[in-house]
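Novice: Build me a model:
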Amino acid sequence: MGCPRDWPEPVVRVQSLSETGEPIIPERYIKPPSDRPSLNNSPPSDINIPLVDMSGLTDSDHTVREATMNQISIACREWGFFQVVNHGLKPELVDGVREIWREFFHEPMDVKQKYANLPITYEGYGSRLGLQKGAILDWSDYYFLHYLPSSLKDHRKWPDKPSSLREVVEEYSKEIVRLGNVLLEVFSINLGLRHDYLQKTFGGEDVGACLRVNFYPKCPQPDLTLGLSSHSDPGGMTFLLPDENVSGLQVRRNEQWVTVKPVRHGIIVNIGDQIQVISNAIYKSVEHRVIVNPNRERVSLAYFYNPKSDLLIHPAPELITPEAPSLYPSMTFDEYRLFIRTRGPQGKSQVESLKSPR
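Specialist: Numbering: from 1, shown residues only. Below you'll find the model as predicted:
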């Protein structure tokens, strides 16, 4: 199954639509009623995803370290999402990388169009996910780039304006990969595996790491559309730097949508489909989506930390028992990603469709 070289229809920049000031959104962004945001199906506003202080992992007190590991374990098993603070990234880097991307999206259109992307790699400036002709689209633009493996990283495909963007993104990327390595070890230990099991399964130092920066323009009819349709992330795990000033991420929990409230300088971590497969569904990737705002734009950075693309991924043999047989066939991340890219966001249906018949 190959990937078409071009989009099925002319690409429209959502930011340009927003800037016209039209009070009505085009029909192709209007979601079916069952998929629209609804305040009637929201849990109490004081519910939020778990918060983990990562300084506890290096505390001299063994009890504090154990408690922090346990917090992460519970978050992975019960939520699939958590926020981390004291993660080692400097506050000025966290603020700076978000704001430099906001500046990019406010560059003139000819600056951005130089980096217009194609479905063959998705790398560059984009406005749609998936290749179905006539699909209902999301109210967002984005920028996608590769960091690891280094063979895929090409600074010429990273924006050259603002002038310090490449340097800031390089520093941020290095820190996110460090954080990913730490959490893979924590997950391995919590699952009862060797401490380096997940890192080795992901390819050792040859992991994949790529960034999608999401730009959600103001939307005159936010009750009719979504910034990003419901989906689970196809990769290993995701590090999301949210817009601290405008909430938008919603996580599905017990058939309700919980709106995540970002904490200052926090980073949101979520389990992807590949870790669901390796853990044999002890850890589950969770559906999430993004709502849009009538008065304010949003910028968020989703960093995907993935297995090396050509390694076979399957449930860890140590987690397979007669009571818990293997749920998934072996598949490379490349094969899985191609399966996803042709279809676009589709809730949890992709990973669920892989389950072996019982």
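
Novice: Tell me which residues touch residue 111, please.
Specialist: Applying CB atoms under 8 Å, 6 or more residues apart in numbering to residue 111 gives the contacts 159, 161. To be clear about C-beta, it is placed using only N, CA and C from the backbone, and glycine gets the same treatment.

Novice: ugh, wrong one, I meant residue 260
Specialist: For residue 260, the contacting residues are 48, 49, 81, 83, 242, 247, 249, 250, 251, 268, by CB under 8 Å, 6+ apart.

Novice: Now render those residues as JSON lines, adding secondary structure, neighbour count and distance to residue 304.
Specialist: Below are the contacts of residue 260 laid out as JSON lines (DSSP: H, G, I helix; E, B strand; the rest coil; neighbours: other CB atoms under 10 Å; distance: CB to CB, whole Å):
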{"residue": "48", "secondary structure": "coil", "neighbour count": "16", "distance to residue 304": "23"}
{"residue": "49", "secondary structure": "coil", "neighbour count": "21", "distance to residue 304": "18"}
{"residue": "81", "secondary structure": "strand", "neighbour count": "25", "distance to residue 304": "15"}
{"residue": "83", "secondary structure": "strand", "neighbour count": "22", "distance to residue 304": "18"}
{"residue": "242", "secondary structure": "coil", "neighbour count": "25", "distance to residue 304": "15"}
{"residue": "247", "secondary structure": "coil", "neighbour count": "16", "distance to residue 304": "22"}
{"residue": "249", "secondary structure": "strand", "neighbour count": "27", "distance to residue 304": "15"}
{"residue": "250", "secondary structure": "strand", "neighbour count": "21", "distance to residue 304": "19"}
{"residue": "251", "secondary structure": "strand", "neighbour count": "21", "distance to residue 304": "17"}
{"residue": "268", "secondary structure": "strand", "neighbour count": "22", "distance to residue 304": "13"}
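
Novice: ok, those residues vs residue 313, which is closest?
Specialist: Residue 313 has its nearest neighbour among the contacts of residue 260 in residue 81, at 21.2 Å by CB to CB.

Novice: ok, which stretches of this structure are helices?
Specialist: 14-19, 62-78, 91-105, 109-113, 165-190, 197-201, 273-278, 333-341, 349-353 (DSSP state H).

Novice: Between helix 91-105 and the longest one, find me the angle.
Specialist: Counting by axes from the mean of the first three to the mean of the last three CA atoms, to 10 degrees, helix 165-190 points 130 degrees away from the direction of helix 91-105.

Novice: other SSEs contacting helix 165-190?
Specialist: helix 62-78, helix 91-105, strand 141-148, helix 197-201, strand 208-216, strand 237-241, strand 298-306 (3 or more CB pairs under 8 Å, 6 or more residues apart in numbering; DSSP states H and E).
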